[in-house]
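Participant: Here you go, sequence then predicted model.
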There are 2 protein chains.
Amino acid sequence: MPVTVVGSIAFDAVTTPLGSRDHMLGGSAVHFALAASFFDTVHVVGPVGDDFGQEEYDVLAARAVRTDDIERVAGQTFFWRGEYGWDLNERRTLDTQLGVFADFVPKLSEESAAADLLFLANIQPDLQRAVRERCRRARFVALDSMNYWIENARDSLIETIGVVDCVMLNDSELRELTGEPNLVRAARQIREWGPRLVVAKQGQYGAAMISQDGFFALPAFPLETVVDPTGAGDCFAGGFIGYLAAHSGAEADQDLFARAMAYGTAMASFNVEEFGVERLTHLTGDEIAHRVAELQRITQFSDRPVALRT
Amino acid sequence: MPVTVVGSIAFDAVTTPLGSRDHMLGGSAVHFALAASFFDTVHVVGPVGDDFGQEEYDVLAARAVRTDDIERVAGQTFFWRGEYGWDLNERRTLDTQLGVFADFVPKLSEESAAADLLFLANIQPDLQRAVRERCRRARFVALDSMNYWIENARDSLIETIGVVDCVMLNDSELRELTGEPNLVRAARQIREWGPRLVVAKQGQYGAAMISQDGFFALPAFPLETVVDPTGAGDCFAGGFIGYLAAHSGAEADQDLFARAMAYGTAMASFNVEEFGVERLTHLTGDEIAHRVAELQRITQFSDRPVALRT
């Protein structure tokens, strides 16, 4: 079933301990769309400026991403420059130029609005809510956000959370949003606001999920070389929601979500192997299947009874 | 098969967001021994002062921990006072009084020295090495350490690492010791020094293990209420090594170690449910078995083929 993503389309300049790129395709909607494109049809909704050229469209087209709702506006495409510290966990923003993203109001074609699955990447929560209301047929809607909106638009964000099925935030954002350091309690608070599913993204440690059916967690896929963590969370979301899209007939139970977590984890792990979206442009389905199988192998244990001394 | 642990025996004063204790039994050897006591016979080697009374011996005796090699010395038992911040991840040491621990030189009886499994809790690395050499029959030796020894006795620590089978350190300690932020690379460096197994303790995120047979990881068991994280790492080690001790006949392969990770994870999760070692004093074998089964449930996923679009 088709998926629609609304979010940023960007040019990124990134420096990590292993190198740098000065001007590469990025943005949450782009990372998400390329990851989800391995599973189903994806419509991208977001603004670009005059500097967004055929080369960038071609990257998306090569993965059959539907770009009809990419809106061209006079001005500059959203630009972000950042650098990562030696352990890749500290990220420093050096420059942000919103450009055409500053006045972005999502406009969805009938086709984008008719998608069955919707990912509201990190944009202003009022806009997220408007998009969610426009997509009346959406059966599964997930939302991301960031500390800026938690601090400056908390009420609107909570209202938007009330109309989605799934919240996907970083651990620290979940804590900040709920004022609750304990993940289980933070997730319960969010579920009381509406969503049935809470996914905590934990960076190098993986991801955890909490629903009414309980808890599930997976470590990040172990990599010897992480080149650029940018976009890992959006690729996780793309793998997760893409997997759901490809299993539209299946019941959306804890087992399905657990497998979606595995595919999200796999997509995030590929993305960080190269700069920006470079790895996704030459990734194969076989590689994804192999990595999920490997992820299963390194997380599964058989229990054998042991005589315990009470 | 019997297990011997050498480490600190202490009185702790701990303040967490959920309360405080002013003077309770603690120390790495005590946490380890109580956790491992559910699996097999455990000998504790460590020093105590005049203030260590029958009440404390009784806690260990109630779990059949062998206390013959607890050495009584004139003076004060090691005392530590600390407090945890709101999210329990920041720990602040307010007071450390080494007392009789300052001049501790481990003395092992024939029986302790004959143990098949040995845990060298966090003490000076020269002493760890001397104990390891005394325990000639030990078939599996694991070592813990801390940033203080990494910074002040690095060469000795690496020499000691060279004569053990398993290194169990916190994520950040592995990074600091090897100068390598990437866990996979850090573990390889340590394995080049000798050990066949590296376990990275990751606090609220769980634990990962790297051997020649690859990687394995488990999340921490999700708890709604964490009362006191003190000793969680030592209880993890106690569950891990205790499980190995109870399976002495089994081949020490990746599957066995993976199950040991699960039991370590379970023991750590119980320990943090109450202050100090309080939870372990009324824990049952059934509760442990149930928690491991639950841990399996919340980490295992079945893979189903999905048609991926390359």
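Facilitator: All right, it came through fine.
Participant: who touches A:Glu173 in this structure?
Facilitator: A:145-147, A:150 (CB atoms under 8 Å, 6 or more residues apart in numbering or on different chains). Using the backbone N, CA and C atoms, a C-beta is placed for each residue, glycine as well.
Participant: check contacts around the residue nearest the centre of chain A.
Facilitator: When chain A is reduced to its mean C-alpha position, the nearest residue by CA atoms, centre = their mean turns out to be A:Asp234, at 2.4 Å. Neighbouring residues of A:Asp234 by CB under 8 Å, 6+ apart: A:7, A:28-29, A:31-32, A:35, A:121, A:144.
Participant: These: which ones sit near chain B?
Facilitator: Applying CB under 8 Å from any CB of the partner chain to the contacts of A:Asp234, one finds that nothing falls near chain B.
Participant: residue boundaries of the helices in the stretch 151-300 of chain A?
Facilitator: With DSSP state H, counting those that start in this stretch as the criterion, the stretch 151-300 of chain A has helices at A:154-161, A:171-178, A:183-193, A:232-245, A:254-271, A:285-297.
Participant: okay, the ones you listed in TSV with mean pLDDT next?
Facilitator: Below are the helices of the stretch 151-300 of chain A laid out as TSV (pLDDT from 0 to 100):
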stretch	mean pLDDT
helix A:154-161	98
helix A:171-178	96
helix A:183-193	97
helix A:232-245	98
helix A:254-271	97
helix A:285-297	97
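Participant: Give me whichever of these is most buried.
Facilitator: Greatest average neighbour count among the helices of the stretch 151-300 of chain A goes to helix A:232-245 (a mean of 29), per mean count of other CB atoms under 10 Å in any protein chain shown.
Participant: From the rest of the structure, what touches stretch A:157-170?
Facilitator: With CB under 8 Å, 6+ apart, stretch A:157-170 has contacts from A:120, A:125-126, A:128-129, A:132-133, A:140-145, A:149-150, A:177, A:190, A:193-203, A:233, A:236-237, A:240.
Participant: Give me the distance from that stretch to the chain's centre.
Facilitator: 13 Å (CA atoms, centre = their mean, to the nearest Å).
Participant: Could you do stretch A:224-231 as well?
Facilitator: The answer for stretch A:224-231 is 15 Å, by CA atoms, centre = their mean.
Participant: Tell me the span between the first and last residue of that stretch.
Facilitator: 19 Å (CA to CA, to the nearest Å).
Participant: what do you get for stretch A:19-33?
Facilitator: Start-to-end, stretch A:19-33 (CA to CA) is 25 Å.
Participant: Next, the buried residues of it.
Facilitator: By 16 or more other CB atoms under 10 Å in any protein chain shown, the buried positions in stretch A:19-33 come out as A:21, A:24-33.
Participant: quick check, nearest of those to chain B?
Facilitator: Among the buried residues of stretch A:19-33, A:Ala33 lies closest to chain B (CB to the nearest CB), at 12.6 Å.
Participant: What's the separation between the closest one and B:Gln204?
Facilitator: 32 Å (CB to CB, to the nearest Å).
Participant: now do A:Arg137
Facilitator: Taken as CB to CB, the span from A:Arg137 to B:Gln204 is 39 Å.
Participant: if you count what's nearby, which of these two comes out ahead?
Facilitator: B:Gln204 (21 against 11; other CB atoms under 10 Å in any protein chain shown).
Participant: Please verify my assumption that the more buried one contacts B:Leu88.
Facilitator: Yes - shown here, B:Gln204 and B:Leu88 form a contact pair, counting by CB atoms under 8 Å, at 7.5 Å.
Participant: No further queries at this time; thank you.
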